[in-house]
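J.: Sequence and computational prediction follow.
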Amino acid sequence: MPSGRPTMPPRRSHTKSRTGCANCKRRKVKCDEAYPICFHCKRHGVPCSLSTSTPDVSLNDLAATTSAPSNHPSPTLSSGDGNAARSRNDVAMTSAPEQIAPFPPQELLSRDFELLHHYCTATACTISMRKEMTHVWRICIPREGYLHSFVMHGVLAISAAHKAYLMPSHRKTYLSLLDYHQTVGSEGFRSALQNICPEIGMPLFSFASIVILYLYTLPNRSINGQLEDPIRNISEIIVLFRGIKAALAPLMPGILRSELAPLIYGIWPLDFGEPGNLPCLENTTLPLDTWDAIRQLRTFQEAEAPSSSLERYYSDAVESLECSAKLIALAGAHIETSAVLAWMYGIHESILLDIRSHRPHALVILAYYSVFLATLEKSFWYARGWARQLLDAIEAKLAGKPQYLKMLQWPKHSLVNFYCL
């Protein structure tokens, strides 16, 4: 006898995909495996691992991707309505979907007070070595956060990342707060990017600076500190760093005249000395034989250039490596993060494509760069976990290629000495 209830259609069977993109696997959602970019990555504006080419980073893509990548499940970023920039506190916590909040409103407010206190009393003092830069992180950027809530969300996010690093037993709690605040902050950042003007230059630059720290923390945010694919991870981050720099370039003249200027002036010396004049490496964070190693790398690349059309780009990549080493050396014991970033900004797009394609010549240069990443690890908690994993991944990709493996001796020896000291 019929029960009167409507007959439910049978549930569709679900076939688990083992070839979906990395972002879908990380978020535990089904990937449609559309090439060159799957549905979910296209929707959220993030780089898709199904694509082997370097993505063009638009302003919307840039804003969306500031909440990725991460190797643990995180809330997805809503698409936003594309309204013009809202420069005051009207970009509030309620602008994000309520379901991503990790705690009820009252408890979330209490946690936010905790994170802000921790940032001002602890985190801000760990981000830079120079006093004038610490002042910017501790005083100026929170002040921007009082006026522009997306900046405040960024401040709370990096504070949560710091607490997750310091308190492993409460790591899950603070990572959920990190994901929440980074997601909501990215929504406000995206909205502000729709109408870039000098009036919002300082909050945009403030949040972008926080994003750079956030991207560096990927190993600390990953399960057991293990990166899924270190080479792909670093190449995605290079794309994002370059996108941030390009997007905010029109604002730089105003930033240089603002109280945020130490973040630029404190990092980029105006005079690198005469060409060929290499700074002494005593009392610096670099190995004493760095100049000899770069000279050896240059000789190798000149003799083994992958093609005549790429020879100039590879030569420039080694030159950029030397310029980055000069910045690190000139900083002495007070290295700053952007001295290491200089190489990422200086390489040609062709080198980045070769890194993503695991071309041996490009991987050898990246292996040398891993030593520069290691120089940050003793000074800055947020930079830890990159160098060794990246070099191990490069060595695995070069297995069976003795002429390239031989070139890894200096990076391997340098990292062994670094971690043993």
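T.: On my side now, so go ahead.
J.: which residue packs closest to Tyr313, ignoring adjacent ones?
T.: Take Tyr313 and drop its neighbours on the chain: the residue closest to it by Cβ to Cβ, 6 or more residues apart in numbering is His348, 4.1 Å away. Yep, even glycine has a C-beta here, placed from its N, CA and C like the rest.
J.: Report how many residues lie close to Lys30.
T.: 14 (other Cβ atoms under 10 Å).
J.: State the three-state secondary structure for it.
T.: coil (DSSP: H, G, I helix; E, B strand; the rest coil).
J.: thinking it is in contact with Gly20, fair?
T.: Yes. When contacts are counted by Cβ atoms under 8 Å, Lys30 is listed as touching Gly20 (7.3 Å).
J.: pretty sure Leu256 is in contact with Pro262, am I right?
T.: No. Look at Leu256 against Pro262 with Cβ under 8 Å: they stay out of range, at 10.3 Å.
J.: Have a look at these two and say which one is more surrounded.
T.: The residue with more neighbours, out of Leu256 and Pro262, is Pro262; 19 against 11, by other Cβ under 10 Å.
J.: Surely the more buried one touches His135?
T.: Yes. Using Cβ under 8 Å, Pro262 makes contact with His135 at a distance of 7.3 Å.
J.: So for stretch 258-274, mean pLDDT?
T.: Taken as a whole, stretch 258-274 carries a mean pLDDT of 69.
J.: so how far is the lengthiest helix in the chain off the chain centroid?
T.: When the chain is parsed with DSSP state H, its longest helix is helix 171-193. Counting by Cα atoms, centre = their mean, to the nearest Å, helix 171-193 is centred 14 Å from the centre of its parent chain.
J.: again with stretch 340-353
T.: Relative to where its chain is centred, stretch 340-353 has its mean C-alpha point 14 Å off (Cα atoms, centre = their mean).
J.: Mind listing residues that contact that stretch?
T.: Stretch 340-353 is contacted by residues 53-54, 212, 235, 237-239, 241-242, 245, 310, 313-314, 316-317, 319-321, 323-324, 327-328, 362, 365, 369, 372-373, 375-376 when judged by Cβ atoms under 8 Å, 6 or more residues apart in numbering.
J.: same thing with stretch 389-406?
T.: Contacts with stretch 389-406, where a contact means Cβ under 8 Å, 6+ apart, come from 219, 226-227, 229-231, 234, 304, 358, 360-361, 363-364, 366-367, 370, 373, 408, 411-412, 415.
J.: How about stretch 102-110?
T.: Under Cβ under 8 Å, 6+ apart, the answer for stretch 102-110 is 93, 101, 111, 173, 176-177, 179-180.
J.: Restricting to C-alpha, output the helix or strand containing Ala317 in PDB.
T.: Here Ala317 is covered by helix 311-331, with elements defined by DSSP states H and E. Presented in PDB, the C-alpha positions along helix 311-331 are these (Å, rounded to 0.1, in the frame of the first residue of the first chain):
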ATOM      1  CA  GLU A 311      70.600  31.700 -22.300                       C
ATOM      2  CA  ARG A 312      70.200  35.400 -21.400                       C
ATOM      3  CA  TYR A 313      67.300  34.700 -19.000                       C
ATOM      4  CA  TYR A 314      69.300  32.100 -17.200                       C
ATOM      5  CA  SER A 315      72.300  34.400 -17.000                       C
ATOM      6  CA  ASP A 316      70.000  37.100 -15.600                       C
ATOM      7  CA  ALA A 317      68.600  34.600 -13.000                       C
ATOM      8  CA  VAL A 318      72.100  34.000 -11.700                       C
ATOM      9  CA  GLU A 319      72.700  37.700 -11.700                       C
ATOM     10  CA  SER A 320      69.600  38.200  -9.700                       C
ATOM     11  CA  LEU A 321      70.800  35.600  -7.300                       C
ATOM     12  CA  GLU A 322      74.000  37.500  -6.800                       C
ATOM     13  CA  CYS A 323      72.100  40.800  -6.300                       C
ATOM     14  CA  SER A 324      69.900  39.100  -3.600                       C
ATOM     15  CA  ALA A 325      73.100  37.800  -1.900                       C
ATOM     16  CA  LYS A 326      74.400  41.400  -1.900                       C
ATOM     17  CA  LEU A 327      71.300  42.600  -0.100                       C
ATOM     18  CA  ILE A 328      71.600  39.800   2.400                       C
ATOM     19  CA  ALA A 329      75.300  40.500   3.000                       C
ATOM     20  CA  LEU A 330      74.800  44.300   3.300                       C
ATOM     21  CA  ALA A 331      72.100  43.600   6.000                       C
END
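J.: List the contacts of that helix.
T.: 267-269, 272-273, 278-281, 284-286, 290-291, 294, 297-298, 301-302, 305-306, 335, 339-340, 342-343, 346-348, 350-351, 361-362, 365, 368-369, 372, 375.
J.: which among those end up buried?
T.: The neighbour count (16 or more other Cβ atoms under 10 Å) marks 267, 279, 281, 284-286, 290-291, 294, 297-298, 301, 305-306, 335, 339-340, 342-343, 346-347, 350-351, 361-362, 365, 368-369, 372, 375 as buried among the contacts of helix 311-331.
J.: now what about stretch 354-368, what contacts it?
T.: Residues outside stretch 354-368 that contact it (Cβ under 8 Å, 6+ apart) are 52-54, 231-232, 234-235, 238, 293-294, 297, 300-301, 304-306, 310, 314, 317-318, 321, 351, 390-391, 394-395, 397-398, 401, 404, 407-408, 410-411.
J.: Mind checking which of those are buried?
T.: Buried residues within those, counting neighbours by 16+ other Cβ under 10 Å: 54, 231-232, 234-235, 238, 293-294, 297, 300-301, 305-306, 310, 314, 317-318, 321, 351, 390-391, 394-395, 397-398, 404, 407-408, 410-411.
J.: What is the end-to-end distance of stretch 352-366?
T.: 10 Å (Cα to Cα, to the nearest Å).
J.: quick one: Ala157 and Asp354, what's the gap?
T.: 33 Å (Cβ to Cβ, to the nearest Å).
J.: and the two? which has more neighbours close in?
T.: A side-by-side neighbour count of Ala157 and Asp354, using other Cβ under 10 Å, places Ala157 first with 30 against 24.
J.: I'd assumed Ser186 was in contact with that one.
T.: No. Ala157 is beyond contact range of Ser186, at 9.3 Å (criterion: Cβ under 8 Å).
J.: so what's Ile141 up against?
T.: Counting by Cβ under 8 Å, 6+ apart, Ile141 has contacts 124, 151, 155, 206, 209-210, 260.
J.: just to revisit the earlier point, send the alpha carbons of whatever helix or strand comes next after the longest helix of the chain over as PDB?
T.: Using DSSP H and E, the next helix or strand after helix 171-193 towards the C-terminus is helix 201-216. Extracted in PDB, the C-alpha atoms of helix 201-216 (Å, rounded to 0.1, in the frame of the first residue of the first chain):
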ATOM      1  CA  GLY A 201      47.200  53.100  -0.600                       C
ATOM      2  CA  MET A 202      48.400  52.600   3.000                       C
ATOM      3  CA  PRO A 203      45.700  50.000   4.000                       C
ATOM      4  CA  LEU A 204      46.300  48.100   0.800                       C
ATOM      5  CA  PHE A 205      50.100  48.100   1.300                       C
ATOM      6  CA  SER A 206      49.600  47.100   4.900                       C
ATOM      7  CA  PHE A 207      47.400  44.100   4.100                       C
ATOM      8  CA  ALA A 208      49.700  43.100   1.200                       C
ATOM      9  CA  SER A 209      52.700  43.100   3.600                       C
ATOM     10  CA  ILE A 210      50.700  40.800   5.900                       C
ATOM     11  CA  VAL A 211      49.900  38.500   3.000                       C
ATOM     12  CA  ILE A 212      53.600  38.000   2.200                       C
ATOM     13  CA  LEU A 213      54.100  36.800   5.800                       C
ATOM     14  CA  TYR A 214      51.000  34.600   5.500                       C
ATOM     15  CA  LEU A 215      52.300  32.900   2.400                       C
ATOM     16  CA  TYR A 216      55.700  32.300   4.000                       C
END
